[in-house]
Each structure stands twice: as structure tokens, then as C-alpha cells.
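> Predicted model, plus sequence, below.
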Amino acid sequence: MSAPPQGSGGSGGGLSPTTFLGTYSGSNPSNPANGYWWYRVDLGEIWANINGTIMPIQSTGAVTIIASNTTIANTDVYNNIIVTNNATLTIYGNVTFHGNVIIENGSTLLSSNQNASSSSPATNNYLFLGNFYLNGTYEIAQYNTDNILNSITLTTINSSGGTNPTISGSGTLAIGSNITLTISENITVTVSTITGSGTLSISSGYTITVNANITMSTSNISGSGTISINSGYTLMLNTNFTLTSASVQFSGSGTLSIGSGYTLTLNNNVTWSFSAISGSGTLSVSSGYTLTVNANVTITISNISGSGTINVNSGYTLTINNNVSWTLSTLAGSGTLSVSSGYTLTVGANITLSISNLSGSGTISIASGYTLILNLNYTISSTSLQFSGSGTLSIGSGYTLTISANVTWTLGLAGSGTLSIGSGYTLTQGASITLSISTVNIAGTWANAGYGIVIPSGSTVTVTITGSFTTASTPGTITVNGTCYWFGVISVASGSSASISFPLNFAGTGIFVGAPSNSTNGTANALSLSSVSLSAGGHSSNSATISGNYEYYTISSLEGSAVGNYYLGLFNSSAVTYYVWLLIYIGTANTSYSINSNLIFSRGNGGASGDIGYAYNSSGSAGSITITGTFYA
């Protein structure tokens, strides 16, 4: 060991009585000269002006001033140590500091074993039994690991040159078990790794600024200070941490990365402006809390979970740039969610998406058994974000999902909104699906490749087709357990035993009512139907004079004597002709079904004006049907 010089000005050590200013309580003397010292009776400490720095020193023992580069190793240091004059004190091995350690502005405490290498890394064990005042730099050299063996507080001292404390180097700072390293200063950290089974504590009002790529894997992070990550740098968090209103906070414009197997849980409302959130771990937002994104943020973290909310502020974009599993309950805000090309955001929970905009050309995949609620208007184009999976896509009330591309669909559709297929485009149904969305408008083509469609009990679906609906050579089956109103791809058939062709087979326990059109071209003559029973091949006892306008039904209730298809229309007694256009499927016999009386089930054509018309049930129907409503001829 190269021994440091003793004393404050030469040999012998100790403090010269000739520079003693006396005793003080509550404050230090004003502008004491360099080298002068005094006793703080309220603190029980000796203080001094050491080269412009006002600091406490031990009341017993000597002070060692290190003003030139010095090395010590494997020793006990009993003096107070002051490193000044831009000097470097190099330490390594097993060192115990019994007194205070003061690293002044511009000076460095360097932990560096000269024999350390990649094949033979060095471990250093340090005890700081006095106070540790860091105004300069504590540097840990490459291939060195510093074990801190006792709980200490890093703080600064009053200094005429200001403070600029830094923990730096390519080595590792390790905090031992049951040990706490408390940061009570604003400090810049560039050391490669902070690890150990102890605790890193950041006191309230102070900030650790991350200015390098750092891995933090201490078992515990405590305190209520801040970790700020500067732009261009990454903090890898290899520990489980729960962020609360009283805990350490994260800030900055760099990257926060969460290591594999670890979870950062947000139990507080926070606003982040990070450029990226990465890693193979999990970011979890707890129920009742919101993470507000206030920057353009790239997400490459593997998992986002929780029952809370991520809110993206206006003008900013949350970009998914990896295959990400998403089980967070809500994504909201007036910003944008973008999924980059080649990547998939997999929805593995019931999630509400109420962000203002969707962009990117990646994929949102909804896992089986889960529902993604889309509370925004969105158009799918050939280059836009796509939806996939075997779960359910639900369109919120007042919103429309528009298909403006040829897509293959395996998702179920639900919600109180609208699915619209644009003219010239085809939605290919590539699997059996559940359909419970309120409104489906098809101006293009719905291509059913022989798969089933299930309308669940309690759901009411209105399908309007101005384009086409096709199926395979072996038709698919529509299983109606709720209510389905259908307009389009239903043709008018003529003859007393006529049946109406339809591209799907029927099943289920509910009610289907369909017609060629849901509009009329004028006021037709009304024939009131009040619980009128029409047998198969029978017509109403009352008649109406045919007006020549479109003929149609409005209905408030239906009941069939048998399960199956019914074909209703017009019997023209003057011309003795029969036309049917109202296709009804009854799923449960002898059960009264309530029908939306505001709907018009129109033939889309008119008969001969002046002829006499009756409501008619084709003899090809499954049985007798009882109808309450109005027939317009």
C-alpha cells in the first residue's frame, strides 16, 4: 500500500489549535478561512474549511488529505479521508474506512484491482463505517465487483465549487444482503451494473440520473426519489418492483427495459415520456390506475398486463414493434396505437380499445374465449392493421368497422356497432363464428366457405346486403338462437306452394325474419293483422286493394305451429296469383316471438293497381303461422 500523507498541512497529523475558531450551535461561522476549524456543540462534531469545502470531520483521530494520485488496498483506514485537488484515490481488496470519506469536486475514488481481467474478475469488499460524502466520482473499473458490506448513505457536502457526484465505470456495484445503500443526493450513474440481495434506497427529493446502459438487479428498491433515464440510454430492471404514490418514480426520455421473469407493477397514476419500453418481462397496470403516455413510445416488451388503463395523449403514438402479449383491460386516449409490419399484438383477455386512431400494418390477434371491444371507427385496407384469431371482435355502440380490403375472417363479431363491407371487397369467412353484432352492412361480398354462423340467445342482428352473400357447394348453417333480421339475397318466388331460396341452412331455437328489401316507394293500402292465423296454403280473411306501390309487412309478433321455414307474401284474388318474399325461420314451435315493428319487410316491387290482395302463407311452409302486424298492398 502506498501510504497517504497525514494531517492537514504536514507531519504529525491532527488539527492545529491555532486555527480553532471556537464553538458554534445551529450554524457554521460565516466565511471561515481555509484550514480553520470549529466545534458544533449541537451536533457533537468538528467541522472545518478544507480547500473551500465546509465539512464535518471526526472529533477524534487525524484527517488525511489526499491531493495527489494514491493507492491503498487490503487495509483498515482510521483517519478521515479527503480526496481533493482533482486527485484519484485507487482502492481494491478488503478495505474498511473507520472515518469519514470525502470525495471533493473533480476528484475520484477508483475501485480497480490491477490484476482483474475477463478471465479473472476481482471482488472487492468495502466497509464505510463513517459518512460517505461524494461530490466527485466513485468509479468501479471493468472486471471489478464492489461488495458494500454495511448500510451507508451517499450524500454531498457544502462546497464552493458546487456538486457533481457520479457513480461510474464498467464494473459492478453489489449491495449485500440486509444492507441498504441510501442515495441522498442528485447523482449521475453510469456504472454498468447495480446488483445484490440488498436494497437501493433513493431519498425523497433526490434523483438518480441514468446516463449509460445500466442493469439494475438489486432485490429491493425503496425510498420516494426518482430514477430518470436520459435519452439514448437503457435501464434494464431485473427485479420485481411495485410503483406506488409513495415509492421511487421513473422518468426520462430513454428506454425502460424489464428483464425476463420480472414484473413492474404500477399501483399509481403515472405519466411517462420514455422513448421505449422493452424487455422480456411484464409491465402491469393495476385496476383503477392509469399509465399516461406523453411521448412517441415504442413497445418491445413481451407482456403488458393488469386491469388498469394505458392512455395515449393526443399527438403521440404507442408503437408495437415486437410480438407482444396484451392482457391489460383498457387502452384509451386521443393518440394512436400502431402495430408495425410483421408483428402481432395478441389479446389474451377481455379488453376495451378506445384509442382515437389505429395505424401500422401488423396484426391484432384475439385469442379464443376473449373479446376485444373496438370503441372507434376503423377502416381495414390491404395495407392497414389487420385482425385475426378465434376470439371475438366487438364493435362499440355508434362505431363502425369498415372492410375495404379482401380479408379472411375467423373472428366472432359482437357489439352494438356496425360492420360494413365496402363495395368491391370480399370478407371471406374462414371458420365457424359467433355473430352478435347489432348491424352488418354488406355492399361488397360476404363469402361463406360452408362454415357456420351462430347468433346467440339474447342477441339481435340486422344484416343488410346490397352486394352479395355466397356460400360453398355444401351450404353453411346459420344457427339462430337469438333474433336475426335480414335484408337482401332473398328473391321473390311465385306460386301457391313456393319456397324462397337462401344461401344458408337454418337451425337454432330463435327467430329469423328476412325480405328482399327494407324500403318502400310510397303509401300502400293497409290490412291490419291481429293474431291472424294463416295455415300453410291459407290466406287472411280480410283483404286490401292493391295500390301499385311496394308491398310489405310490418310485424310486432310471430308464432309458428312447427319448427322450420315459413314463406309469406301476397295472394292476388283478381289475377289468382301468389307471390312470397317474407322468409321466416321459427326455431321453437308455439312460442310468440317479439319482432321490431319499425322494420319494413318489403317485396321491392308492386302488384297490379286495383286488384284485391290478401296476406298469404305458402303451402310450402312448415305449418300455420300466427302474425300480428300490418300487411301493406
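Received the coordinates, thanks.
> May I see the buried residues of stretch 408-416?
Using 16 or more other Cβ atoms under 10 Å as the test for burial, stretch 408-416 gives 409-415. (Glycine included, C-beta is placed from N, CA and C.)
> brain fart, stretch 334-348
Quick answer for stretch 334-348 (16+ other Cβ under 10 Å): 335-340, 343-348.
> So which of those are in strands?
Per DSSP state E, strands hold the following members of these: 335-339, 344-347.
> Across the sheet, point out what pairs with Y553.
Y553 has the following beta-bridge partners by DSSP bridges: F601, F631.
> and the gap between it and A212?
According to Cβ to Cβ, to the nearest Å, Y553 stands 76 Å off from A212.
> okay, those two: which has more neighbours?
Y553 (26 against 18; other Cβ atoms under 10 Å).
> wait, the more buried one sits on F631?
Yes - at 5.6 Å, Y553 counts as touching F631 under the criterion of Cβ atoms under 8 Å.
> got any residues that touch both of these two?
Common neighbours of Y553 and F631, using Cβ atoms under 8 Å, 6 or more residues apart in numbering, are A615.
> Please pull up the helix or strand immediately following the lowest-mean-pLDDT helix or strand in the chain.
Confidence across the helices and strands of the chain bottoms out at strand 158-159, with a mean of 66, counting by mean pLDDT, DSSP states H and E. Where DSSP states H and E defines the elements, the next helix or strand beyond strand 158-159 is strand 166-168.
> What strands flank that following strand, and is each parallel or antiparallel?
strand 137-140 (parallel), strand 187-189 (parallel).
> Which SSE is immediately downstream of the last one?
Per DSSP H and E, strand 187-189 leads on to strand 193-195 as the next helix or strand towards the C-terminus.
> Contacts for that following strand, please.
So strand 193-195 is in contact with 171-175, 200, 214-218, going by Cβ under 8 Å, 6+ apart.
> Which ones among the residues you listed lie within strands?
Those of those lying in strands (DSSP E): 172-175, 200, 214-216.
> which stretches of the stretch 351-500 of the chain form helices?
Assigned by DSSP state H, counting those that start in this stretch, the helices in the stretch 351-500 of the chain number zero.
> How about the contacts made by the nearest residue to D42 once chain neighbours are set aside?
What sits nearest to D42 in space, not counting adjacent residues and going by Cβ to Cβ, 6 or more residues apart in numbering, is S25, at 4.4 Å. S25 makes contacts with 40-42, as judged by Cβ under 8 Å, 6+ apart.
> got it, and T477?
452-453, 504-507.
> measure S397 to S438 for me?
Taken as Cβ to Cβ, the span from S397 to S438 is 8 Å.
> Compare the two (neighbour count), which wins?
S438 (17 against 10).
> pretty sure the more buried one contacts V463?
No - applying Cβ under 8 Å as the test, S438 and V463 come out as separate, 10.4 Å apart.
> Overlap in contacts, S397 and S438.
Jointly contacting S397 and S438 under the rule Cβ under 8 Å, 6+ apart are 415-417.
> Return the subset of those residues lying in strands.
G415.
> can I get the shared contacts of S397 and S438 in TSV with distance to G444 and pLDDT?
Shown next, in TSV, are the shared contacts of S397 and S438 (distance: Cβ to Cβ, whole Å; pLDDT from 0 to 100):
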residue	distance to G444	pLDDT
G415	20	97
S416	23	97
G417	18	97
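> would JSON lines of the shared contacts of S397 and S438 with distance to S573 be doable?
Converted to JSON lines, these look like this (distance: Cβ to Cβ, whole Å):
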{"residue": "G415", "distance to S573": "46"}
{"residue": "S416", "distance to S573": "44"}
{"residue": "G417", "distance to S573": "45"}
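> Can you tell me which of the shared contacts of S397 and S438 comes closest to S204?
G415 (46.9 Å; Cβ to Cβ).
> Tell me which residues touch the closest one, please.
Per Cβ under 8 Å, 6+ apart, neighbours of G415: 373-374, 393-397, 436-438.
> Take those and keep only those in strands.
373-374, 393-395.
> Adding distance to G259, write the buried residues of stretch 408-416 out as JSON lines.
Listed next are the buried residues of stretch 408-416 as JSON lines, based on distance: Cβ to Cβ, whole Å:
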{"residue": "W409", "distance to G259": "38"}
{"residue": "T410", "distance to G259": "35"}
{"residue": "L411", "distance to G259": "34"}
{"residue": "G412", "distance to G259": "36"}
{"residue": "L413", "distance to G259": "39"}
{"residue": "A414", "distance to G259": "37"}
{"residue": "G415", "distance to G259": "38"}
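> The residues you listed: which two are farthest apart?
Spatially, the most separated pair among these is T410 and G415, at 17.3 Å (Cβ to Cβ).
> Torsion angles phi and psi at the residue nearest to S275 when sequence neighbours are not counted?
Distance criterion Cβ to Cβ, 6+ apart; nearest residue to S275, sequence neighbours excluded, is S253 at 5.6 Å. S253 has phi and psi values of phi -120, psi 20 when expressed as degrees, to the nearest 10.
> right, and S253 touches A276 too?
No - judged on Cβ under 8 Å, S253 makes no contact with A276 at a distance of 9.7 Å.
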